[in-house]
Each structure stands twice: as structure tokens, then as C-alpha cells.
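Student: just coords:
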């Protein structure tokens, strides 16, 4: 069990780095701006104080270290997903990592963003209140695909 949790932490770290590299590539290619983790950091801070839903997180009370908290929260969620995946997939998957289970799991994790974080920040269900909701959804699915690819590649690196 301890090995699964440790491997899960590494899977989550690797997958989150893959997601961030994908975001960096999109920013370099000018497809999408680089992520700004300050507003998610503000949202994490308000959640820790009992307020989950906002009409507009940008109008919510700011927090001095919200950018740092945003990055920390981003990696904490990625690590948590890695541990959950390792526990669900088990040592069999870690021995012979396959892409499909990692990708399906990664796509399922977008539900937390679409149905908790985005509405919580005032963006609506699955970014419905944004200027281009379908663009946001497609980019989110692509980012979570990068996360799944990162899970799989990290699993390959950890395999015996």
C-alpha cells in the first residue's frame, strides 16, 4: 500500500508537469495564454474559509499569496489524482502501464473542474458563462489528455 501511494505521488507529479508543459506549448504557439493560477488560488483560499460559490471570483476578496496557493493547489490536486489512480489501477497497471486506463481516468477528472471549480469561480457549469464555452471545454479536455499521457509516461518510467 505504501508503494502504491508513493508511486501515486510520482504519477500525479509527472502528470501535472505534462499538463503544464502542454499549457506552455499552447502559450508559446499563441493558441492560449499561459495559465494564471492566482484566481484559482483565491478560490482555494475562499473554499478553505467555507465559501465555495462566487458570482465572480475576480471580485472576491483577494489573498496576498493567491498565486502561490494556486500553484500549490494545482499540484496538490494533481498528486491526489495520481494517488487515487494508483490505488484504483493497482500494482498490475504499474507493472505494465497502459495508456487507455490513464486517459479515461484523466478525462473523468475534468468533472471536478466543470462541475465544482468553474461554477465555484462564477464561470458556470463547464465554463458556460465564458465568452467561448466550447473552446474552454475542448482546451480542458486536451489538457486532461496531456495529464493522462503524463500518468502513462510516468508509469512507464516507474515500471520494473
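Tutor: Nice, I can see it. A quick note: this is a predicted structure, and the numbers were derived from the prediction, not measured.
Student: got the contact list for residue 53?
Tutor: Listed by C-beta atoms under 8 Å, 6 or more residues apart in numbering, the contact set of residue 53 reads 119, 120, 122. All C-beta spots, glycine's among them, are computed from the backbone N, C-alpha and C.
Student: ok, now residue 10?
Tutor: 82, 154, 158.
Student: Quick one: mean pLDDT over the host helix or strand of it.
Tutor: Secondary structure assignment for residue 10, by DSSP states H and E: helix 2-28. The average pLDDT within helix 2-28 is 97.
Student: And for stretch 89-99?
Tutor: In this model, stretch 89-99 has a mean pLDDT of 98.
Student: and that stretch, which residues are buried?
Tutor: Buried residues in stretch 89-99, counted by 16 or more other C-beta atoms under 10 Å: 89, 93, 94, 97.
Student: quick one: contacts of it?
Tutor: Counting by C-beta under 8 Å, 6+ apart, residues outside stretch 89-99 touching it are 3-4, 7, 86, 101-102, 105, 148-149, 152, 155-156, 158-160.
Student: thinking again about what came up before, could you dump the contacts of residue 10 into CSV and include neighbour count?
Tutor: Formatted as CSV, the contacts of residue 10 follow (neighbours: other C-beta atoms under 10 Å):
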residue, neighbour count
82, 27
154, 23
158, 16
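Student: Sitting in strands, which of those do you find?
Tutor: Secondary structure from DSSP state E places none of the contacts of residue 10 in strands.
Student: pLDDT and distance to residue 29 added to those residues, as JSON lines?
Tutor: Converted to JSON lines, the contacts of residue 10 look like this (pLDDT from 0 to 100; distance: C-beta to C-beta, whole Å):
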{"residue": "82", "pLDDT": "98", "distance to residue 29": "27"}
{"residue": "154", "pLDDT": "98", "distance to residue 29": "24"}
{"residue": "158", "pLDDT": "97", "distance to residue 29": "30"}
